[in-house]
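Trainee: Build the 3D model from these lines:
(chains A and B)
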Amino acid sequence: MKKPRTEITNQTAKFLLNAYRPSGADAQDPAFRDALEQAARDPELGAWFKEQRGFDSMIAEKLSGIEPPATLRSAILAGIENRPPERRFSIRPLLALAAVIALSAVVVVPMLNRRNSGRQLVDQYRKANLSMLAAVPAPQLDLMTASFSRTQDYLAEMQAPCIPSPPAALLGLPTAGCKTLRWNGHILSLTCFLLPSKELLHVFVIAQDAFDSIDIGRDFQEFNGWHVKFELLNGMLLMFVSRANMAEIKQYI
Amino acid sequence: MARELDLEVIVGRFYASLYRFALSLTKSEAEAGDLTQQTFFILAQRSHQIRDISKVKCWLFTTLRREFLRIVRTQTNHPHVEFRPEIHDSPSISADALRTLDAKAVIDALDRIEPTYRTAVELFYLSELSYKEIAETLDIPIGTVMSRLSRGKEHLKAILATAIAENSDKIIPLNRDEEATY
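Mentor: Numbering: from 1, shown residues only, chains lettered A, B, ... in the order given. Purely as a prediction, here's the structure:
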């Protein structure tokens, strides 16, 4: 049996109809039934409701004209795809990172003291960074943003090294975010770029004076699926790391 | 049994409206993008906690707003609140006058609504959430949502009416090309 109609004032009807969505999605909602019937009967209320819906539609239409940045959708999807698998507790990545740092302090640092040649030190630095990237679950970024300039502002604020004179092609890529790290008593930074293939391109930056001497190759090398390249630039050692294919990486570096 | 979330479909369906809501909160395109990205990242991390897929939309808007409030608290960056006189009469605005406004003017007007009412109105226009979903998102009673929508829309109309009146008072000089055609 249909519920008997309830008399409501126009003021009450206006109060209710203000919550009625301009798309008409609430047409079947019984909460609006009496107010809608009243608007159909009463010309003054009907006129008000017509004007209100017109106003609401116009505002909603204006706002729907705001387009998100073109790269946002792909940046979101890439960020999701590169998340650590099966992560249930947010403390785990931090513990993993702490373990890596502790391991570096206990194992890597004494080794570095014993074997202090330029090549060996850079190798240790590479291994430490690759271990961190390969850790499961992966460590979280400090700042997640698609904006390269925001990553560098953040790193500067944290007094971590920024990427000096990045290649123009690299600047055209959205970033996933950045992170500050410490290795062998030196602060370093990690900035992650999103390649069109949705793979990440990681750029570690550390001051050159973290090493007594530096012996680096000129081209990419491969370590367990990671393509790695070092570059010295403006007193900084840059380490580029990615699992993307070489043809794609070389478009940006 | 809970169905697994198809994150790609969810991103495609909601990222634009979430971005618009984030933009209304942050007033910065870069921060809105970051906030939207962060919200989906949290969804991906906690997707196993979501039992009812029909609630994903509410969950996303709730999470984005919470993240925004967390960041605001972290930065101790309290928004400037301007006190305005009570508005009793809702002014009538013609459709033609409204058409003269662009999306930025509407966003600016939303920002000037009294803070108590603002978020409910923003969610109403930007998210297409129903009044029940807005109540759930803001964790307030349904009656309060209706009250905030009613008062907030009055404020919005008054602000837009003022903006339109100010625009119509401006003298806009013709540029040289336009002059040449006369």
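
Trainee: how far out from the middle of the chain is the longest helix seen in chain B?
Mentor: Longest helix of chain B, by residue count under DSSP state H: helix B:142-169. Once both centres are worked out by Cα atoms, centre = their mean, to the nearest Å, helix B:142-169 turns out to sit 13 Å from its chain's centre.

Trainee: What segments of chain B are helices?
Mentor: Using DSSP H, helices in chain B cover B:7-26, B:29-46, B:56-75, B:95-99, B:103-111, B:115-126, B:131-138, B:142-169, B:176-181.

Trainee: export these to TSV and tack on distance to chain A, mean neighbour count and mean pLDDT?
Mentor: From N, CA and C alone the C-beta is placed, and that goes for glycine too. Converted to TSV, the helices of chain B look like this (distance: least, Cβ to the nearest Cβ, whole Å; neighbours: other Cβ atoms under 10 Å in any protein chain shown; pLDDT from 0 to 100):
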stretch	distance to chain A	mean neighbour count	mean pLDDT
helix B:7-26	4	21	91
helix B:29-46	4	22	87
helix B:56-75	11	17	86
helix B:95-99	5	14	80
helix B:103-111	5	18	88
helix B:115-126	5	22	90
helix B:131-138	4	21	91
helix B:142-169	4	18	85
helix B:176-181	26	8	35
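
Trainee: Could you dump those helices into TSV with distance to A:A207 added?
Mentor: Listed next are the helices of chain B as TSV, based on distance: least, Cβ to Cβ, whole Å:
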stretch	distance to A:A207
helix B:7-26	34
helix B:29-46	28
helix B:56-75	29
helix B:95-99	57
helix B:103-111	43
helix B:115-126	45
helix B:131-138	47
helix B:142-169	52
helix B:176-181	56
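
Trainee: So for A:A146, which of these sits nearest?
Mentor: helix B:29-46 (5.6 Å; Cβ to Cβ).

Trainee: Show me what that closest one is packed up against.
Mentor: helix A:72-81, helix B:7-26, helix B:56-75 (3 or more Cβ pairs under 8 Å, 6 or more residues apart in numbering or on different chains; DSSP states H and E).

Trainee: Can you say which of these is nearest to A:G46?
Mentor: Nearest to A:G46, of the helices and strands packed on helix B:29-46 and by Cβ to Cβ, is helix B:7-26 at 30.4 Å.

Trainee: which helices and strands does the closest one pack with?
Mentor: Counting by 3+ Cβ pairs under 8 Å, 6+ apart, helix B:7-26 packs on helix A:72-81, helix B:29-46, helix B:56-75, helix B:103-111, helix B:115-126.

Trainee: and the angle from the longest helix of chain B to helix B:103-111?
Mentor: Helix B:142-169 and helix B:103-111 are oriented at 130 degrees to each other (axes from the mean of the first three to the mean of the last three Cα atoms, to 10 degrees).

Trainee: nearest spatial neighbour of the residue nearest the centre of chain B, skipping sequence neighbours?
Mentor: Chain B has B:E122 as the residue nearest its centroid, 3.2 Å off, counting by Cα atoms, centre = their mean. Computed as Cβ to Cβ, 6 or more residues apart in numbering or on different chains, the closest residue to B:E122 that is not its neighbour in sequence is B:S24, at 4.8 Å.

Trainee: Of the helices of chain B, give the one that comes closest to A:M236.
Mentor: helix B:29-46 (25.4 Å).
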